[in-house]
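Asker: from the sequence below, what's the structure:
(one chain, ligands or ions: 1)
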Amino acid sequence: MSASKKILVLGGDGFCGWPTALHLSDKGHDARRRRPEKRAKKRAPRARARRRAAQVTIVDNLSRRNIDTELGCDSLTPITHPEVRLEAWKELTGKTIHFENLDVATEYDKLELLMKTVRPDSVVHFAEQRAAPYSQKGAKQKRYTVDNNVCGTHNLLAAVVEADCNTHVVHLGTMGVYGYGTSGGEIPEGYIDVILPGGRESKILHPAYPGSVYHTTKCLDALLFQFYNKNDGVRVTDLHQGIVWGTNTPLTGMDERLTNRFDYDGDYGTVLNRFLMQAALGVPLTVYGTGGQTRGFIHVTDTAKCIELAINNPPAEGEGVEIFNQVAETRRVRDIAEMISSNTGVPARFLANPRQEAAENELDVSNRKFRALGFEPTLLNDKLFEEVQDVTNKYKDRCIPTKILPASFWNKKRALAAEADGEARSDIKLPEAVASR
Ligand SMILES: NC(=O)c1ccc[n+]([C@@H]2O[C@H](COP(=O)([O-])OP(=O)(O)OC[C@H]3O[C@@H](n4cnc5c(N)ncnc54)[C@H](O)[C@@H]3O)[C@@H](O)[C@H]2O)c1
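Answerer: Numbering: from 1, shown residues only. A predicted model of the protein is given here:
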């Protein structure tokens, strides 16, 4: 890290946020080296002084853990409570990460106070409801996703302005804002050059083409960024991230108490991790539709590294919103299923697609700007598959196999198609040991 910075990690208890918080803390964002606690203590009561002294602060309302309870499911890996995680980190490394239990979407006053107190150099914003299937489950989940994600992002931007702290906002967006139709060419990083009626040349945000309520919230976030950047000069980097796979990074793998969460269920389990879980159980890999969907992928270790790069390369004062495609490579879903099948001998099974989406698409994505900053993508490889397979094998007794199947449908037509597909679903025979659990 180029210089020690004060960083808030919103959503730092989550799948991407936790390894990122450790990565940033590991890179030296712990102020005690620069500003000994003793000096801080003289100026303020203990609690405030400790907060000021910490360079990485996680802000999370633990809503993801509550959604686990709502869905009757849990991270495959047993994850410890935030306090236990942070104590373990301190015990192992001597570094302090602070934790604020705060809802960024509904507790604006607390958020503003935190911004004014910490005056962070950067805020990394992961704190959103991130599962497209969950966002399509029903009216309750659709409304929650919009309220939570859009209000959270807006509260953050308003608080940056009120705190007047020149904070750089690094937001986790998604490749899904571009849509997953075949665009006929390479998807650029955020902007396209266009000729407007009358022949004027312009550079505009790539047209938004979301495929779920969740993806729509990320498009709405992008408009908020554009406005606050233009109106208030807020510096923003929006990272259009691909599907994250893997479980642990070298840091979360240091101790069981630091283990990262691993979602395998039909709502939160991302495709590659879900397939690896099914392979560990020896149950067919469930491919939706023809499996012709092409998507961008990135390993969780790269997520943390990319965020560090984004923090170290903020846009200059007066510059527009910076956008990077945070993607290592693109792959077709059925090719991934085939790769895992041939590795494990577990066959794939094609189910009616619960999603309203193009059955087949091409995806050609530029990540040139990110690579120019030094991003060296980790590609899907057997060694990393082994890491996930070790985890899935180790904890497979914690898996509730029925939860792997799709549980949310994009619309009535897709739900009916799944019903008609009931036979194919029941055809997915679970091994006796698994079925009897
Ligand atoms: N996981 C992926 O494959 C992926 C892909 C592309 C983009 N992203 C984006 O990265 C970000 C993080 O994803 P993740 O996989 O770590 O998700 P996650 O659900 O594991 O983590 C999100 C965290 O934010 C917290 N949170 C949510 N709403 C909050 C609120 N109002 N106030 C405070 N905390 C709140 C949750 O409790 C959770 O700990 C998301 O914004 C997501 O859209 C993830």
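Asker: mind listing what's buried in the lengthiest helix in the chain?
Answerer: For the chain, the helix that runs over the most residues, judged by DSSP state H, is helix 139-163. Going by neighbour count (16 or more other C-beta atoms under 10 Å), the buried part of helix 139-163 is 141-142, 144-146, 148-161, 163. No exception for glycine: its C-beta is placed from N, CA and C like everyone else's.
Asker: stretch 102-109 now?
Answerer: Result for stretch 102-109 [16+ other C-beta under 10 Å]: buried residues 102-105, 107-108.
Asker: quick one: contacts of that stretch?
Answerer: Contacts with stretch 102-109, where a contact means C-beta atoms under 8 Å, 6 or more residues apart in numbering, come from 10, 59-61, 63, 110-111, 114, 127, 147-149, 151-152, 155-156, 158-159.
Asker: so what does residue 193 look like in phi/psi?
Answerer: Here is the backbone geometry of residue 193 (degrees, to the nearest 10): phi -90, psi 130.
Asker: not counting sequence-adjacent ones, nearest residue to it?
Answerer: Nearest residue to residue 193 in three dimensions, chain neighbours excluded: residue 203, at 5.5 Å (C-beta to C-beta, 6 or more residues apart in numbering).
Asker: now residue 82
Answerer: Per C-beta to C-beta, 6+ apart, closest to residue 82 is residue 99, 5.2 Å.
Asker: can you tell me which of the buried residues of stretch 102-109 end up in helices?
Answerer: Reading helices off the buried residues of stretch 102-109 with DSSP H, I get residue 108.
Asker: ok, and which of the buried residues of stretch 102-109 reach the ligand?
Answerer: The subset of the buried residues of stretch 102-109 within reach of the ligand, by C-beta under 6 Å from any ligand atom, is 103-105.
Asker: quick one: contacts for the nearest residue to residue 145 once chain neighbours are set aside?
Answerer: Counting by C-beta to C-beta, 6+ apart, residue 145 lies nearest to residue 135, which is 4.1 Å off, once chain neighbours are set aside. Residue 135 sits next to 129, 141-142, 145, 212-214, 217 when contact means C-beta under 8 Å, 6+ apart.
Asker: looking at the residues you listed, which one is closest to the ligand?
Answerer: Closest approach between those and the ligand, by C-beta to the nearest ligand atom: residue 129, at 6.0 Å.
Asker: pull out the buried positions in stretch 259-275.
Answerer: Going by neighbour count (16+ other C-beta under 10 Å), the buried part of stretch 259-275 is 259-275.
Asker: need the contact list for residue 326.
Answerer: Residue 326 touches 239-242, 298, 302-303, 306, 367, 370, counting by C-beta under 8 Å, 6+ apart.
Asker: helix, strand, or coil at the residue of the chain found nearest the ligand?
Answerer: Nearest to the ligand in the chain, going by C-beta to the nearest ligand atom, is residue 14, at a distance of 1.9 Å. With DSSP: H, G, I helix; E, B strand; the rest coil as the basis, residue 14 sits in coil.
Asker: residue 240 too?
Answerer: Here residue 240 takes the strand state, with states given by three-state DSSP.
Asker: and residue 314, by the same measure?
Answerer: On the three-state scheme (three-state DSSP), residue 314 is labelled coil.
Asker: I'd guessed it sits against residue 169; true?
Answerer: No. Between residue 314 and residue 169 there is no contact under C-beta atoms under 8 Å: 9.3 Å.
Asker: what touches both of the two?
Answerer: Common neighbours of residue 314 and residue 169 (criterion: C-beta under 8 Å, 6+ apart): 122, 235, 237.
Asker: would you turn these into JSON lines with distance to residue 182?
Answerer: Converted to JSON lines, the shared contacts of residue 314 and residue 169 look like this (distance: C-beta to C-beta, whole Å):
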{"residue": "122", "distance to residue 182": "36"}
{"residue": "235", "distance to residue 182": "34"}
{"residue": "237", "distance to residue 182": "28"}
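Asker: redo those as a markdown table? Include neighbour count.
Answerer: Compiled in a markdown table, these are given as follows (neighbours: other C-beta atoms under 10 Å):
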| residue | neighbour count |
| --- | --- |
| 122 | 23 |
| 235 | 23 |
| 237 | 23 |
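Asker: which residues in the stretch 151-300 of the chain form helices?
Answerer: With DSSP state H, counting those that start in this stretch as the criterion, the stretch 151-300 of the chain has helices at 213-232, 271-281, 300-312.
Asker: and if you look at the stretch 1-150 of the chain?
Answerer: Taking DSSP H, counting those that start in this stretch, the helices of the stretch 1-150 of the chain run over residues 17-26, 37-43, 46-53, 63-71, 82-93, 108-118, 132-135, 139-163.
Asker: in CSV: those helices, plus distance to residue 353 and mean pLDDT.
Answerer: CSV is the format used below for the helices of the stretch 1-150 of the chain (distance: least, C-beta to C-beta, whole Å; pLDDT from 0 to 100):
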stretch, distance to residue 353, mean pLDDT
helix 17-26, 30, 97
helix 37-43, 55, 40
helix 46-53, 47, 41
helix 63-71, 21, 98
helix 82-93, 37, 98
helix 108-118, 39, 98
helix 132-135, 12, 98
helix 139-163, 19, 98
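Asker: need those in a markdown table with distance to residue 393, can you?
Answerer: What follows is these, written out as a markdown table (distance: least, C-beta to C-beta, whole Å):
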| stretch | distance to residue 393 |
| --- | --- |
| helix 17-26 | 21 |
| helix 37-43 | 43 |
| helix 46-53 | 40 |
| helix 63-71 | 22 |
| helix 82-93 | 23 |
| helix 108-118 | 41 |
| helix 132-135 | 25 |
| helix 139-163 | 32 |
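Asker: my guess is residue 170 contacts residue 126. True?
Answerer: No. Proximity of residue 170 to residue 126 does not meet the contact threshold set by C-beta under 8 Å, at 9.4 Å.
Asker: pLDDT at the nearest residue to residue 75 once chain neighbours are set aside, what is it?
Answerer: Nearest residue to residue 75, sequence neighbours excluded (C-beta to C-beta, 6+ apart): residue 261, at 3.8 Å. pLDDT, residue 261: 98.
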